[in-house]
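Peer 1: Sequence first, predicted coordinates after that:
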Amino acid sequence: MRMGMSLAVLVNELVTNAIKHGGRRVEMKLYVKGDVVMLEVCDDGTGFPPDFDPATSANLGLNLIERMSRWDLQGETRYLNRSEGGCVHVTFPLPPQQLAVA
């Protein structure tokens with residue numbers, strides 16, 4: 001239940017940021033590869049500035065993303081630029097009870 005709520009808050013924050021700071025299009029992917037869940041939220045905006053560092057650029061939204069990803073989901077985040085915008089990748093382990101079902 002806790003992971004589900006954390007994932008919902010994380011998705012909401014990532015999509016909201018992509019809409020606010022991106023261009024016109026937001027793309028979200030969520031998939032499982034082996035025992036790892038991968039979440040990708042990308043936009044077609046200008047991307048992250050060259051000196052972007054989530055630790056020093058942190059505002060309330062970035063702090064929330066980092067805390068949910070790392071503490072609640074035991075995962076990690078990556079902030080990337082693409083030719084057509086920015087992309088945030090979050091990876092975290094599939095919960096143990098889901099491994100038996102998958």
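Peer 2: Noted; the coordinates are in hand.
Peer 1: What is the least confident helix or strand in this structure?
Peer 2: Scoring the helices and strands of the chain by mean pLDDT, DSSP states H and E places helix 96-99 at the bottom, with a mean of 62.
Peer 1: tell me the contacts of the residue lying closest to residue 73 once chain neighbours are set aside?
Peer 2: In this structure, residue 73 finds its nearest non-sequential neighbour in residue 92, 3.9 Å apart by C-beta to C-beta, 6 or more residues apart in numbering. All C-beta atoms are positioned from the backbone trio N, CA, C, and that covers glycine. By C-beta atoms under 8 Å, 6 or more residues apart in numbering, the contact list for residue 92 reads 36, 37, 39, 69, 73, 74, 75, 76.
Peer 1: Next, the buried residues of the helix or strand where residue 92 lies.
Peer 2: Element membership for residue 92 (DSSP states H and E) is strand 85-93. By 16 or more other C-beta atoms under 10 Å, the buried positions in strand 85-93 come out as 85, 86, 87, 88, 89, 90, 91, 92.
Peer 1: helices or strands next to the strand or helix carrying residue 61 in the packing?
Peer 2: Assigning secondary structure by DSSP H and E places residue 61 in helix 60-67. Using 3 or more C-beta pairs under 8 Å, 6 or more residues apart in numbering; DSSP states H and E, the elements in contact with helix 60-67 are helix 2-21.
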